[in-house]
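1. Return a 3D structure for these sequence lines:
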Amino acid sequence: MYRNTYHRRPFCRMAFLIFVSVIVLVPIEANAGLLYFLNDDSTGSRIYGFQVNEATGALTPLSGFPVATGGNGGTGLVCERMAIDTVNRRLFVANDNSDSVSAYSIDPATGALTALPFSPVAIGAGTWNAIAVHPSGSPLLISNGATGIGVVSLNITATTATPATGSPFPLGGATAFSNVFSVDGNYYYTGGNTGTTFAGFSVDAATGVLTTLSGSPFNSGVTGALSYAMDSSGRLFVFNSTDLAIRAFTTSAGIPTPVTGNPFASGMSQRRDGLMHPNGVFYIVAGNTGNNVGVFQLGGSGASTTVTAVAGSPFATGGTTANVLALNQAGTFLFVGNRLSRNATTFAFSTSTGVLSGQTVQASNTMGTTGAINGIGYLPDATAVNAQIGGRITDAGGNGVGNVIVRLTSMDGMTNLFAITSPFGYYNFPTVLTGTTYTLTPSRKGYSFTPPSLTFTHTGDATNQNFVGQQN
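-> This next block holds a predicted model:
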C-alpha cells in the first residue's frame, strides 16, 4: 500500500506545508499466496498483483502494481501468456507484439517483481500464444501460433536466458494455442490454434533440447483442441472447439492414445483455459464468451477413463469472457480472470464434489480500462512447505487391499482430498502443506479398518501412515 507522511516546519518566518510521499512495500501476511494477472495490451502490457487470503479466498491488491512489462502485447483470444516458476519464484510474460519475454524474480515477502538481468529476451518474429515453464524452473518454452516457427526453448538461470541448441523446434504443422508439461516434466504438448493436430516432445531439462515424439503431430479428433491439462498418471485432457466436447488421452512414453469413451459431453458453449485440480479428480475449463466455468469429475483409469460434469456445471462467473484459471495451494479456491471486463471472480471449490460456490466478483475494470486479461499465475505462500503423505493398507496376512478410498482432511477445514489405493494397497498424496494437523480416514464397502482413522501434525514426508483392513 501507499503510506503518506506530512511534515510542517517554519521557514523564513513563514509556515509552508511540505508534502513528502513515501512508498512503503508492506510485507504480506503469513500463510498468504500471491496471484498475478496479465493485462495483455497492444499499447503496453501490465501485470496486476494480489495477496490471497488462504482462509477466505479474498484478494488484496499488492503495493506498487500494476507493473509495466516494457513490451507490447496483443489482445488476441488467447489465455496462456504468463507462466510462474514456483520453485525459483520467477514470473514470465510473453509480449506478442514486441516478440519478447519479460522475466522477473518475485519477492516472497512483499510480492514485488524485479526484472531479471536478461529481461526482456528477444525471441524472434512470431505469434507467441503460449508460454510454460518446466516444473524444475528450466527450460522456458514459448510456442508460436502460426506455421513455420515452432517452440523457442530458453535455458533459464538467475542471470541468463540461453536458447537451447536447435531452438526453435518445429511443430510439424501444428500451431500453438494451448501448451502443457507432463507432471514429471518429461514431455511437452502444444497445439490447437488451427487444424486438428497438436505436437508432442520429450524434454531434456538439463539442456532444454526438445525431441519430437514418434507420430507427432497427433490427431486430436476435431479442429481446435484447447484447454490442455494433465494429471500425475500421464492422462492428457483437451476441449475441442468444433463439437464442444472433451477428449482424454493416455500416454505411454509420451505417445497419446485416445481413451475408449471419447468424446465426452461438456454442456458448455465455449472453452478457453484448462486446469487440473491438484487432487487429480477434477478437470476445470474456462467458458470464454459463455461467461462461466465448467468442472468435470474424472473417473476410471487408463483407456476406461470417464469425464462427467459435476452438479451445477457450468458455473456463471459474473464477469465478461471467462478466460484464465488458477487454484490456490490447497485447491479450495478457484480464481477466474475475466478477459474483457478485466476483473477476477473467486469461487470456493469443494474438493470432494467439485461444486463451485460463494462467488465473489471484482468491479469491472479493476485491472485497467484497456487490454485483455490473457494470463494468470499463482505462487504459494513462501513459508509453506510441500511434503508427501502416504502409506499402505493391508489385510491381516500382509497382502495389499486395493480400491480403498483414503480421505485426507485438515483441522482448519481447508483441505479435503481423496486417494485410492493401488492393487497392492499403496496410496499417496504427493504435495501436502506442512504445519497443519490432518486426519486420514480409509473406507471401502464391506471393510473395516484398524485404526479407523489417523490424526497427526504434518511436519515432513509421512509415508508410513498404514492401516489394516478386514472384510466384514
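
2. Report the residue spans of the chain with pLDDT below the cut-off.
-> Applying pLDDT under 70 to the chain picks out residues 1-31, 382-385, 411-415, 435.

3. how does it divide into domains?
-> Domains of the chain are assigned by automatic domain parsing as 32-379, 386-471.

4. Need the winner for burial among those.
-> Highest mean neighbour count among those (mean count of other CB atoms under 10 Å): domain 32-379, with a mean of 21. Just so you know, the C-beta spots here come from the backbone N, C-alpha and C atoms, and that holds for glycine as well.

5. what phi and what psi does the backbone show at the most centrally placed residue in the chain?
-> A centroid search over the chain (CA atoms, centre = their mean) returns Ala326, at 5.1 Å, as the residue closest to the centre. Dihedral pair for Ala326: phi -150, psi 150, per degrees, to the nearest 10.

6. can I assume it is in contact with Ile376?
-> Yes. Between Ala326 and Ile376 there is a contact under CB atoms under 8 Å: 4.8 Å.

7. follow-up on the earlier one: pull the contacting residues for the closest residue to the residue nearest to the centre of the chain other than its chain neighbours.
-> Using CB to CB, 6 or more residues apart in numbering and skipping residues adjacent in sequence, the residue nearest Ala326 is Tyr378, 4.3 Å away. By CB atoms under 8 Å, 6 or more residues apart in numbering, the contact set of Tyr378 is 33-36, 52, 84, 326-329, 335.

8. part of a strand, is Tyr378?
-> Yes. Tyr378: assigned to a strand according to DSSP: H, G, I helix; E, B strand; the rest coil.

9. related to what we said a few turns ago, any common contacting residues for Ala326 and Ile376?
-> Taking CB under 8 Å, 6+ apart as the contact rule, Ala326 and Ile376 both touch 35, 335.

10. Do a quick rundown of the strands in the stretch 301-450 of the chain.
-> 306-309, 315-316, 322-327, 333-338, 343-349, 356-361, 372-379, 386-394, 405-410, 416-420, 426-433, 436-443, 447-450 (DSSP state E, counting those that start in this stretch).

11. which residues sit against the second one?
-> It refers to strand 315-316. Applying CB under 8 Å, 6+ apart, the contact partners of strand 315-316 are 291-295, 347, 356, 359.

12. go with 6 Å
-> 292-293, 356 (CB atoms under 6 Å, 6 or more residues apart in numbering).

13. rewinding a little: who's the residue nearest to the centre of the chain bridged to?
-> Beta-bridge pairing of Ala326 under DSSP bridges involves Phe335.

14. show me what contacts Phe349?
-> Listed by CB under 6 Å, 6+ apart, the contact partners of Phe349 are 332, 334.

15. Which strand residues bridge it?
-> Leu356.

16. and what of Val295?
-> Beta-bridge partners, per DSSP bridges, of Val295: Ile284.

17. For it, give its distance to Val203.
-> With distances taken as CB to CB, to the nearest Å, Val295 is found 29 Å from Val203.

18. again with Thr369
-> Noted for Thr369: a distance of 40 Å to Val203, by CB to CB.

19. for Gly150, same thing?
-> Gly150 is 14 Å from Val203, by CB to CB.

20. for Ser453, same thing?
-> Distance, Ser453 to Val203, by CB to CB: 41 Å.

21. Could you do Thr455 as well?
-> Plainly put, Thr455 is 40 Å away from Val203 if you go by CB to CB.

22. got it, and Thr441?
-> Distance, Thr441 to Val203, by CB to CB: 38 Å.

23. Also Thr409?
-> Distance of Thr409 to Val203, given as CB to CB: 36 Å.

24. And for Met82?
-> Met82 is 20 Å from Val203, where distance means CB to CB.

25. same check, this time on Thr56
-> Separation of Thr56 from Val203 (CB to CB): 38 Å.

26. picking up where we left off before, what's the closest of the contacts of Tyr378 to Ser45?
-> The nearest member of those to Ser45, counting by CB to CB, is Tyr36 at 12.2 Å.

27. Contact partners for that closest one?
-> By CB under 6 Å, 6+ apart, the residues touching Tyr36 are 47, 49, 377.

28. One more: Ala311?
-> When contacts are counted by CB under 6 Å, 6+ apart, Ala311 touches Val355.

29. try it again with 7 Å
-> By CB atoms under 7 Å, 6 or more residues apart in numbering, the contact set of Ala311 is 353, 355.

30. now swap in Pro120 and tell me
-> By CB under 7 Å, 6+ apart, the residues touching Pro120 are 70-71, 95, 100-102.

31. For the residue lying closest to Gly368 once chain neighbours are set aside, what is the enclosing helix or strand?
-> Spatial nearest neighbour of Gly368, chain neighbours left out: Asn39 (4.8 Å); criterion: CB to CB, 6+ apart. Assessed by DSSP states H and E, Asn39 sits inside strand 32-40.

32. so what does the helix or strand just after that strand touch, helix or strand wise?
-> Per DSSP H and E, the first helix or strand lying C-terminal to strand 32-40 is strand 46-53. For strand 46-53, the packing partners by 3 or more CB pairs under 7 Å, 6 or more residues apart in numbering; DSSP states H and E come out as strand 32-40, strand 59-61, strand 67-68.
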